[in-house]
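Visitor: Provided below are the primary sequence and the corresponding predicted coordinates.
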Amino acid sequence: MIERYSLPEMAYIWSEKSKFTKLLEIEILAVQAQAKLGNVPQSASANIKRKAKFNLASIKKIEEKTQHDVVAFIAEVSKYIGKDAQYFHLGLTSSDILDTALALQCRQAIDILISDIKNLKRAILKKAKKYKNTVCIGRTHGVHAEPTTFGLKLASWYSEALRAEELLKQAKEYISYAKISGAVGTYSNIDPFIEKYIAAKLGLKIEPVSTQVIPRDRHSVYLARLAIVGSALERFALEIRHLQRTEVLEAEEPFAKGQKGSSAMPHKRNPVICERICGLSRILRANAMVGLENIALWHERDISHSSAERIIIPDSAILLDYMLYKMTNVIECLVVYPENMLKNLVKTGGLIFSQAVLTKLMAKGLARMPAYELVQRNALKTWNEGSNFEVNLLKDAALREVLSEKEVKKCFSLDYYLRNINNIFKRIGI
């Protein structure tokens, strides 16, 4: 992942240094387990633990010749171990340590992402409470529908963030598996005790039935969960982008002092962070698709998945970390315009109260279709003339036969639409 979208802690997890450090940890644990079985002298185990290390640049140099990163790693570490190197990587295959190390990396990454989503939840919750009763227009198909509150929009985001946290926890559970079972998963050259020992030390579970690799459905679930969380962020970002349009301007992302919106137009304040989040979410979904493609491998394995995973798994974790960080900042510093929300609310001359009138007519005994046609007739008149919906209704003789003026006016009360807001907030613990 390019540096522009990489935060330091997450980027380190996916660095080559981090990967080889984990490989070394697994190899040392394997030697210790072999020593417990009596296959390696205790003195050799202690010597390997004390001397085993690597130089990253040297591994890269060796790999130029071997064309195999794990072989290069083993050769590099063996130089430091000396005569006891014969016990290093004993009975193991490359995927044993690579897949187990990948599980550790994925787990570490998920822990950061869970922390990120908690930060976002707190930011959304704070804003939802603040704007709980700030009335605005709800839109469907991009068109004015009925009144809602800005806090309820945010409460919906908060509820989705709660689900996102659960998805990430599920992904952590699904990916935290070790595999130390040999070339085709039969333990032909390695005792199952080695796997149990390593898994216990690393806090991983054991893959029940592996081939040469951990089955890739685990990794596809991991990537899919990250993509779903990214798509949630896109939903939030897209809403802010729409609300920031000049014709709407009900909310906008923060614009820092000294920030520039356009190289040509000095007046521009563009929703660039939210646009960036929307764009990056597409990459997460594309990576998730590659993860699905990686599930089907030849027989006990090929390496068609390997090259893709070197990109998609680190990139997805790094991107989502960045996206969560940026979205949290947007929510924390979101600029909200309640006065514009009220202006937009009355823009259609009261048409947004049409369902209340329709419902009231039916409650008074008028059949749905005649009631609908009556309300729609006056709604279209209001729209075409730019007049007032309530006034037009009260002039309609057919309507006055069913509803009194007081009953009509009651339909234009915001309380009718917002009376259940508190119950919705309570439902999600706000």
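Guide: Okay, I see it. Source: prediction; values computed, not measured. Numbering: from 1, shown residues only.
Visitor: Give the buried residues for the top helix by length along the chain.
Guide: In the chain, assigned by DSSP state H, the helix with the most residues is helix 94-130. Of the residues in helix 94-130, 94-110, 112-114, 116-117, 119-121, 123-125, 127-128 count as buried by neighbour count, 16 or more other CB atoms under 10 Å. Yep, even glycine has a C-beta here, placed from its N, CA and C like the rest.
Visitor: Repeat that for stretch 419-430.
Guide: In terms of neighbour count (16+ other CB under 10 Å), stretch 419-430 has its buried residues at 421, 424-425, 430.
Visitor: now the helices for the stretch 51-200 of the chain?
Guide: With DSSP state H, counting those that start in this stretch, the ranges of helices along the stretch 51-200 of the chain come out as 56-66, 69-81, 94-130, 150-175, 192-202.
Visitor: out of those, nearest to F88?
Guide: Closest of the helices of the stretch 51-200 of the chain to F88 is helix 69-81, at 5.9 Å (criterion: CB to CB).
Visitor: Would you pull up how far that closest one lies from the middle of the chain?
Guide: Put simply, helix 69-81 sits 37 Å off its chain's centre (CA atoms, centre = their mean, to the nearest Å).
Visitor: counting contacts, what elements does that helix pack onto?
Guide: helix 16-37, helix 42-51, helix 56-66, helix 94-130 (3 or more CB pairs under 8 Å, 6 or more residues apart in numbering; DSSP states H and E).
Visitor: Compute the inter-axis angle for it and helix 16-37.
Guide: When axes from the mean of the first three to the mean of the last three CA atoms, to 10 degrees is applied, the directions of helix 69-81 and helix 16-37 differ by 70 degrees.
Visitor: Adding mean pLDDT as columns, could you present the helices and strands packed on helix 69-81 in a markdown table?
Guide: What follows is the helices and strands packed on helix 69-81, written out as a markdown table (pLDDT from 0 to 100):
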| stretch | mean pLDDT |
| --- | --- |
| helix 16-37 | 98 |
| helix 42-51 | 97 |
| helix 56-66 | 96 |
| helix 94-130 | 97 |
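Visitor: Show me the shaky parts of this protein.
Guide: For the chain, applying pLDDT under 70 flags the ranges 258-264, 266.
Visitor: okay, which residue is most central for it?
Guide: Central residue of the chain (CA atoms, centre = their mean): V229, 2.1 Å from the mean position.
Visitor: can you pull the contacts of it?
Guide: Counting by CB atoms under 8 Å, 6 or more residues apart in numbering, V229 makes contact with 113, 117, 164, 167-168, 320, 324.
Visitor: Select from those the one having the most neighbours.
Guide: Compared across these, L320 has the highest neighbour count, 29 neighbours, by other CB atoms under 10 Å.
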